[in-house]
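Asks: sequence and predicted structure are below.
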Amino acid sequence: MAAGKGTRMKSNLPKVLHRLGDRALLQHVLDAAAALQAPERELRTVIITGHGADAVEAAMAGSGAAFVRQMPQLGTGHAIQQVVPLLPDDDSTVLILSGDVPLVQPDALRQLTAACGGSRLALLTVELADPGAYGRVLRAADGGVQGIVEQKDASAAQRAIREIYSGIMAAPARHLKRWVMALGNDNAQREYYLTDIVRLAVADGVPVVAETTDDETVVLGVNSPLQLADLERRLQRRQAVALMEAGVRLADPARFDQRGTLHCGRDVEIDVGCIFEGTVSLADEVRIGAHCVIRDARIEAGAVIHPFSHIDGAVVGAGALVGPYARLRPGAELGAQVHIGNFVEVKNASLAAGAKANHLAYLGDATVGERVNFGAGSITANYDGANKHRTVIEADAHIGSNCVLVAPVTIGAGATIGGGSTIAKPAPAGQLTVARAKQISLSTWSRPVKAKKG
């Protein structure tokens, strides 16, 4: 179900498209459901849209799901009524999920569908210290589930019940079709509550079972920015725990953000405040300093990323040193033992083993050979205002400070470029090349003097 407006989010974005980690809330739910796919069963997914339907359907167009629209939105029972024409008339299990309950886990869903078994109505429930606005589970003296009462319709005694219904259930298709079409809206909200089918199931003699989880995180929904932030920290803690259990050393799991997929080898160390996005691979003995942002990158064994570095779409070779305050942009490829120092930017450039650019430099659209030393303040001038051009610096070349290499240009192997040079022509291998204006001193020159006021 993904039709709600999410008024308390105070946003123009449909609630289910707000992001948790690296994905929309609804995408988390779809991924959990997709994990139930098995060779022995057909898995069909239907997304019920309503508020912001065009945006939700566009965002989930690649999911393979079918869409039905709930217009207007008259409650959860009304939402499922829109799906009835797509449901089979048999004992297939229909799993009903909420698009704003993103951290539900596949194991919980497997247990719930097994509890349904095509013949029972199964509810996912949990006990909360503060049940808040959740519907309360009503049980008979023998412990059997008798119904669910919404918080707005509950008596004081019922509101004291701590077991709540999560909004997630599994039901036999043929029974569900009949029950939802029999729902009424005689309640405080004048809506069609899906929870009322519990009463109908009991009346039909269909067993109602509760699959209770002891992990409240899997059933918590998002209705406000505050709740979204709370779930973000819960998600990050879950991911941090998984990494630490696998042997990763996190300086502080409360100051860690994984917004994608992070693969770590042995003896990896990650300091505080780091953010990992997209797909990131950290090989054995990699060390990541504080407050780094790393996206879609591969960092090989023994490399050290010093604090406050930003790496995006890059490869860092074994034993390389990067930062602090370095930036590797897409297409940067550093070989083994390369040094990229503070305030150095590399874009669409490869640096072979042992090359160094230790501070205050820019290498864009360049091929840099082994053991090259690229001096402070030097840049490759790769853009002519219309097109990008490439600079080639062959092995063992030495580029002095404050040089401009105007691409396309080649610096030969073992060449030395004198500091302050602007090089627009090929520099021969093994030679010193200097291109500077002639230095002069004027003995007759006087420094300007400020004019006196008034």
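Replies: Here it is on my side, so go on. Residues are numbered from 1 along each chain as shown.

Asks: what about Arg139, distance to Ala320?
Replies: From Arg139 across to Ala320, the span is 61 Å (CB to CB, to the nearest Å). C-betas here are computed from N, CA, C, even on glycine.

Asks: and if you look at Glu285?
Replies: 12 Å.

Asks: between the two, which one's more packed in?
Replies: For Glu285 versus Ala320, neighbours defined as other CB atoms under 10 Å are more numerous around Ala320 (25 against 17).

Asks: which element follows the biggest helix by length in the chain toward the C-terminus?
Replies: Scanning the chain for the longest helix, with DSSP state H as the assignment, gives helix 225-245. Next along the chain after helix 225-245, taking DSSP states H and E as the criterion, comes strand 249-250.

Asks: what helices or strands is that following strand leaning on?
Replies: helix 225-245, strand 269-270 (3 or more CB pairs under 8 Å, 6 or more residues apart in numbering; DSSP states H and E).

Asks: can you show me the strands along the stretch 51-200 of the chain?
Replies: For the stretch 51-200 of the chain, the strands defined by DSSP state E, counting those that start in this stretch cover 66-69, 93-96, 121-127, 136-139, 145-149, 163-172.

Asks: tell me the mean pLDDT for the first one?
Replies: The predicted model gives strand 66-69 an average pLDDT of 96.

Asks: partner strands of that strand, with direction?
Replies: The sheet places strand 66-69 alongside strand 46-49 (parallel), with pairing taken from DSSP bridges.

Asks: contacts for the strand it pairs with next, please.
Replies: Contact with strand 46-49 is made by 1-3, 26, 30, 56-57, 60, 63, 65-70, 79-80, 82-83, 86, 99, as judged by CB atoms under 8 Å, 6 or more residues apart in numbering.

Asks: chain center to that strand: distance?
Replies: 23 Å (CA atoms, centre = their mean, to the nearest Å).

Asks: what residues sit buried inside that strand?
Replies: For strand 46-49, a neighbour-count test (16 or more other CB atoms under 10 Å) marks Ile47, Ile48, Thr49 as buried.

Asks: ok, the last one to Leu194 distance?
Replies: Here Thr49 is placed at a distance of 17 Å from Leu194 (CB to CB).

Asks: circling back: Serialize the strands of the stretch 51-200 of the chain to TSV and add fields for mean neighbour count and distance to Gly377.
Replies: Below are the strands of the stretch 51-200 of the chain laid out as TSV (neighbours: other CB atoms under 10 Å; distance: least, CB to CB, whole Å):
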stretch	mean neighbour count	distance to Gly377
strand 66-69	16	57
strand 93-96	20	62
strand 121-127	24	60
strand 136-139	21	69
strand 145-149	21	69
strand 163-172	24	60
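
Asks: any stretches of the stretch 251-400 of the chain with poor pLDDT?
Replies: In the predicted model, the stretch 251-400 of the chain carries no residue with pLDDT under 70.

Asks: any idea which of the helices and strands packed on strand 249-250 is most buried?
Replies: Per residue and on average, the most neighbours among the helices and strands packed on strand 249-250 fall to strand 269-270, with a mean of 23 (mean count of other CB atoms under 10 Å).

Asks: coming back round to it: which of the strands of the stretch 51-200 of the chain sits closest to Lys15?
Replies: When the strands of the stretch 51-200 of the chain are compared by CB to CB, strand 163-172 sits nearest Lys15, at 13.6 Å.

Asks: just how off-centre is the closest one within its chain?
Replies: For strand 163-172, the distance to the chain centre is 28 Å (CA atoms, centre = their mean).

Asks: same for it, what does it pack against?
Replies: Applying 3+ CB pairs under 8 Å, 6+ apart, we find strand 163-172 packed against strand 93-96, helix 106-116, strand 121-127, strand 136-139.

Asks: how many degrees apart are the longest one and strand 163-172 in direction?
Replies: Here helix 106-116 points in a direction 60 degrees away from that of strand 163-172 (axes from the mean of the first three to the mean of the last three CA atoms, to 10 degrees).

Asks: helix 106-116 versus strand 121-127: what angle between them?
Replies: 130 degrees.

Asks: any idea how the protein splits into domains?
Replies: Domain segmentation of the chain under automatic domain parsing yields 7-219, 225-433.

Asks: deepest-packed of these, please.
Replies: Buried most deeply of the domains of the chain, by mean count of other CB under 10 Å, is domain 225-433, with a mean of 19.

Asks: for Ala171, which residues are in contact?
Replies: Ala171 makes contact with Thr93, Val94, Ile96, Cys116, Leu121, Ala122, Trp179, Ile197, according to CB under 8 Å, 6+ apart.

Asks: ugh, wrong one, I meant Arg238
Replies: Arg238 sits next to Leu103, Thr217 when contact means CB under 8 Å, 6+ apart.
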